[in-house]
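Chemist: how does the following fold in three dimensions:
(chains A, B, C, D, E and F)
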Protein chains: 4
Amino acid sequence: MSSSYVTTDGREVRTRGRKTRARLLQAGAQVFGTKGFHTARVDDIVRAAKTSHGTFYVYFPSKEALLDELLTEIGHEMAELVADLPDLRSTNGDARHVLRAWLERFGAFYDRSGAVLQSWTEIESASDSDHDTPGALNAGSDLLAALADALGPKLVVPAPGAGQPTVDPGIAALALMALIERFHYYAATGQLRAEGDEVLDTLTDVVASTLVR
Amino acid sequence: MSSSYVTTDGREVRTRGRKTRARLLQAGAQVFGTKGFHTARVDDIVRAAKTSHGTFYVYFPSKEALLDELLTEIGHEMAELVADLPDLRSTNGDARHVLRAWLERFGAFYDRSGAVLQSWTEIESASDSDHDTPGALNAGSDLLAALADALGPKLVVPAPGAGQPTVDPGIAALALMALIERFHYYAATGQLRAEGDEVLDTLTDVVASTLVR
Amino acid sequence: MSSSYVTTDGREVRTRGRKTRARLLQAGAQVFGTKGFHTARVDDIVRAAKTSHGTFYVYFPSKEALLDELLTEIGHEMAELVADLPDLRSTNGDARHVLRAWLERFGAFYDRSGAVLQSWTEIESASDSDHDTPGALNAGSDLLAALADALGPKLVVPAPGAGQPTVDPGIAALALMALIERFHYYAATGQLRAEGDEVLDTLTDVVASTLVR
Amino acid sequence: MSSSYVTTDGREVRTRGRKTRARLLQAGAQVFGTKGFHTARVDDIVRAAKTSHGTFYVYFPSKEALLDELLTEIGHEMAELVADLPDLRSTNGDARHVLRAWLERFGAFYDRSGAVLQSWTEIESASDSDHDTPGALNAGSDLLAALADALGPKLVVPAPGAGQPTVDPGIAALALMALIERFHYYAATGQLRAEGDEVLDTLTDVVASTLVR
DNA sequence: TATGAATGAGATTTCATTCAT
DNA sequence: AATGAATGAAATCTCATTCAT
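Modeler: Take a look at the predicted model:
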């Protein structure tokens, strides 16, 4: 199913072309990640993929389309990731450990794909002003919300204390996502002065103390 | 002091020009906020400010320069805001109340200026790849870190429990910023389904339970 | 009414720009006339108008749009021309003389604008295959038919003889148009070996003997 | 004689190839006919012929070359057609009948090949501006004139009346061609509202009353 | 000061043609 | 003979910036 592609003018993509297509996708991820969507030129991508302008447009109708596919792919990965998080409420005592392991996986994912997510933000603000959705980028508009909805129930363990106000699970998940994303973003852009495991430890601490009670 | 400006070709800006300049600044904030930096055209700004292209370049040497100024301004406001946060450790019992009040002020600020912050992110990724720093945007690069440094010590009250790992104040502040920023962002973009006070309440809850212990 | 124009981004065109616009229009006519629509490059037009690429797109959103306006203009001229043809049935005996005078006017028009009409044909076949009318060229699709309808009744004087089959006026006018158009076309492309007045004379003869009986 | 072809690189074309070649030719006629020369893409032709780009260039050195061959073929047919027209001056009384029969044949030809002729016009204007005659399209430049020369003498029977000016046979033939061509063109594009035989009848009438006297 | 017309470098996209299989 | 992936020259169009008034 996801193994069948077509060219811009509707022809089936066979094994030979599949490789080129993949190379373009990867080059796109790299270039969008480093330069951002608007600053990246098709030329940069083509050069990185060691192919030609013409070839680019054989496989993607536009720069947007390439990003869109990248984003969709990432969206799937995130959804899977979320689905894979064990219900922390039923991991007796072990919660912190389980969470840490999961955050590690998330970190690996973010290292690979996080940079591209920036391009998503970049596009987003532009596209809601005029709504005609210029041919692409339907990717993840409500993705985050959806993820939060899936994540929420697994997370919040109500505090035993009574007066403590209860946090809505969806909101809590949103908070979690924000924390995770930002932490990795700060780490990636050097604004978070911490080394390897330290980031992971701190993140686990913060998340644990916020959401798992 | 901050009331003395010069035109692109070094002339002093008098009262009439002052107004035009301000109009451009405001228009810029509005346009950058809705369309994002790259998607916004000088033409949009000029139109919103009810003035002409020529006039734009009398007051700002480039599109980027306008954003830069906007960002600097916002940076100052944020710094002030941070300075104004009472030390939560010395507000006995009242902490939650004080925090909520402060977060409300922060929210008002975010409503005014938050959208423009997106443009900052947009620019950021672009500028680290080629290091020549194209004449602008030195504004906030380390702003966040600085704020976090100032915010940290006022926030985290170590839990009395022993085994509980302590969160580094700087990191904690970063987390706070992330939470606040994202919450308002989600609220602004409709991804957070909550009404007026609800957002503020929830945010207070989350922050309180995370950082103020 | 026809004296009010707007630029591509909706601004009023004042006297200063009016000239440039006109120059582009004229250059377009000349270039389309000599090279044909597809072969003509925007670059050719801009060069002929002694202006720049950017300027072209200030006044016209596309190459098509320029042709469209040219064609609309020509359509109006033709309509006027047709309206001005005296009813040949009421010009006793004088018909040939009147017709000749009119054909002379037509000739002058064709000398000015005939070349551009070729571009119309060039576009036409392309646009009916996919019907989405790519942004322009609504100009004259049924123009010819309309003209024929207006022209017909003024022309055909039924022969006094009985057995002679009567030609439908509309059809006859179509024939007339074809004759006139082709004659001038052949004359213009050198396929009709005849000099100045000779063309006019012959054309008058042919038309007269066909349609005015 | 006309049954021997070579590929682009000089190889003899055998039976299998012959078929492919023919299929391309036919596809070309269809596509050029509907979309016009410039708008037609090699891809369209290749698709219609159910073959590949590579194959196209085995048989034709360029897109233009295919049209050129098509046009040459059509030229031959027209020449034959003209040659077959009986001398109307010697068909006593029967002239109208004979003419009608011939026009019918012409109509059939036009139905098959007329559309492609549009592409000829399309190319023509382009090629006179730069004189280097880009390798093709010498096909029909003076075709029309030649045909007219052959057609003329067979047609015009001078009117017995004295004052009536005599129409030059060549010119007259040109007129005839124009009429026939345009009539069918209008009929084909729906601008001539008439059904089957009606077109033929009217055309016969018009031609007869103009040229055969 | 203010204006808006003009500019041109640069970006995206198309498509006839070539080439390796 | 046939294929279809790859190519790159060339064309269209955009928009930040300059300039004459």
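Chemist: what's the angle between the helix or strand containing residue A:178 and helix B:169-188?
Modeler: Under the criterion of DSSP states H and E, residue A:178 resides in helix A:169-188. If you take axes from the mean of the first three to the mean of the last three C-alpha atoms, to 10 degrees, helix A:169-188 sits at 130 degrees to helix B:169-188.
Chemist: now do helix A:169-188: which elements does it pack against?
Modeler: Packing contacts for helix A:169-188, counted by 3 or more C-beta pairs under 8 Å, 6 or more residues apart in numbering or on different chains; DSSP states H and E, involve helix A:95-129, helix A:143-155, helix A:196-211, helix B:169-188, helix B:196-211. Every C-beta, even on glycine, is put in place using the N, C-alpha and C of the backbone.
Chemist: so chain A: which segments form each domain?
Modeler: A:1-61, A:66-211 (automatic domain parsing).
Chemist: could you tell me the least trusted of those?
Modeler: Sorting the domains of chain A by mean pLDDT places domain A:66-211 lowest, at a mean of 71.
Chemist: grab the nearest non-local neighbour of whichever residue of chain A sits closest to chain D.
Modeler: Residue of chain A nearest chain D, by C-beta to the nearest C-beta: residue A:9 (6.5 Å). The spatially closest residue to residue A:9, leaving aside those adjacent along the chain, is residue D:43, at 6.5 Å (C-beta to C-beta, 6 or more residues apart in numbering or on different chains).
Chemist: now residue A:60: how far from residue C:69?
Modeler: 35 Å (C-beta to C-beta, to the nearest Å).
Chemist: higher neighbour count, these two?
Modeler: Comparing residue A:60 with residue C:69 by other C-beta atoms under 10 Å in any protein chain shown, the one with more neighbours is residue A:60, at 23 against 19.
Chemist: what sits against the more buried one?
Modeler: A:8, A:24, A:66, A:69 (C-beta atoms under 8 Å, 6 or more residues apart in numbering or on different chains).
Chemist: of those, buried ones?
Modeler: Among the contacts of residue A:60, those buried by neighbour count (16 or more other C-beta atoms under 10 Å in any protein chain shown) are A:24, A:66, A:69.
Chemist: among these, which one lies nearest to DNA strand E?
Modeler: Ranked by distance to DNA strand E (C-beta to the nearest atom of the strand), the buried ones among the contacts of residue A:60 are led by residue A:66 at 9.0 Å.
Chemist: just to revisit the earlier point, among the domains of chain A, which is nearest DNA strand F?
Modeler: Going by C-beta to the nearest atom of the strand, the one of these nearest DNA strand F is domain A:1-61, 1.7 Å.
Chemist: re earlier: count of residues packed around the residue of chain A closest to chain D?
Modeler: Residues lying near residue A:9 (other C-beta under 10 Å) number 11.
Chemist: wait, isn't it in contact with residue D:41?
Modeler: No. Residue A:9 is beyond contact range of residue D:41, at 9.2 Å (criterion: C-beta atoms under 8 Å).
Chemist: in CSV: the domains of chain A, plus distance to DNA strand F.
Modeler: CSV is the format used below for the domains of chain A (distance: least, C-beta to the nearest atom of the strand, whole Å):
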stretch, distance to DNA strand F
domain A:1-61, 2
domain A:66-211, 10
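Chemist: now the ones you listed in CSV, with distance to residue D:112?
Modeler: Formatted as CSV, the domains of chain A follow (distance: least, C-beta to C-beta, whole Å):
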stretch, distance to residue D:112
domain A:1-61, 29
domain A:66-211, 41
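Chemist: so which of these gets nearest residue C:80?
Modeler: For residue C:80, the closest of the domains of chain A is domain A:66-211, at 40.4 Å, according to C-beta to C-beta.
Chemist: among the helices and strands packed on helix A:169-188, which is the most enclosed?
Modeler: Mean neighbours per residue, mean count of other C-beta atoms under 10 Å in any protein chain shown, is largest over the helices and strands packed on helix A:169-188 for helix B:169-188, with a mean of 22.
Chemist: quick one: distance of that helix to the chain centre.
Modeler: Between the centre of helix B:169-188 and the centre of its chain there are 12 Å (C-alpha atoms, centre = their mean, to the nearest Å).
Chemist: just want the angle from it to helix A:95-129.
Modeler: Using the same axes, to 10 degrees: helix B:169-188 against helix A:95-129 is 40 degrees.
Chemist: can you list the residues of chain A near chain D?
Modeler: Counting by C-beta under 8 Å from any C-beta of the partner chain, the residues of chain A lying close to chain D are residue A:9.
Chemist: swap in 6 Å and give it another go.
Modeler: Nowhere does chain A come near chain D, counting by C-beta under 6 Å from any C-beta of the partner chain.
Chemist: close to DNA strand E: what parts of chain A are there?
Modeler: Contact residues (C-beta under 7 Å from any atom of the strand) of chain A with DNA strand E: A:8, A:40, A:41, A:42, A:43, A:53, A:54, A:56, A:57, A:61, A:62, A:63.
Chemist: can I get the buried part of those as one ChimeraX selection?
Modeler: Buried residues among the residues of chain A next to DNA strand E (16+ other C-beta under 10 Å), as a ChimeraX selection:
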select /A:40,42,56,57,63
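Chemist: show me the residues of chain A next to DNA strand E that map onto helices.
Modeler: A:42, A:43, A:53, A:54, A:56, A:57, A:63 (DSSP state H).
Chemist: and the residues you listed, which two are furthest apart?
Modeler: Every pair of these checked by C-beta to C-beta; the farthest is A:54 and A:63, at 14.7 Å.
Chemist: just put the contacts of residue A:60 in a markdown table and tack on distance to residue D:203 and secondary structure.
Modeler: Formatted as a markdown table, the contacts of residue A:60 follow (distance: C-beta to C-beta, whole Å; DSSP: H, G, I helix; E, B strand; the rest coil):
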| residue | distance to residue D:203 | secondary structure |
| --- | --- | --- |
| A:8 | 46 | coil |
| A:24 | 58 | helix |
| A:66 | 57 | helix |
| A:69 | 58 | helix |
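Chemist: now, which of the residues you listed sits nearest residue B:150?
Modeler: residue A:66 (41.5 Å).
Chemist: so who does the closest one touch?
Modeler: Going by C-beta atoms under 6 Å, 6 or more residues apart in numbering or on different chains, residue A:66 touches A:28, A:60.
Chemist: let's go with 8 Å and repeat that
Modeler: A:24, A:25, A:28, A:45, A:60.
Chemist: what does residue A:208 give?
Modeler: So residue A:208 contacts A:95, A:96, A:99 (C-beta under 8 Å, 6+ apart).
Chemist: over to residue A:105?
Modeler: A:81, A:84.
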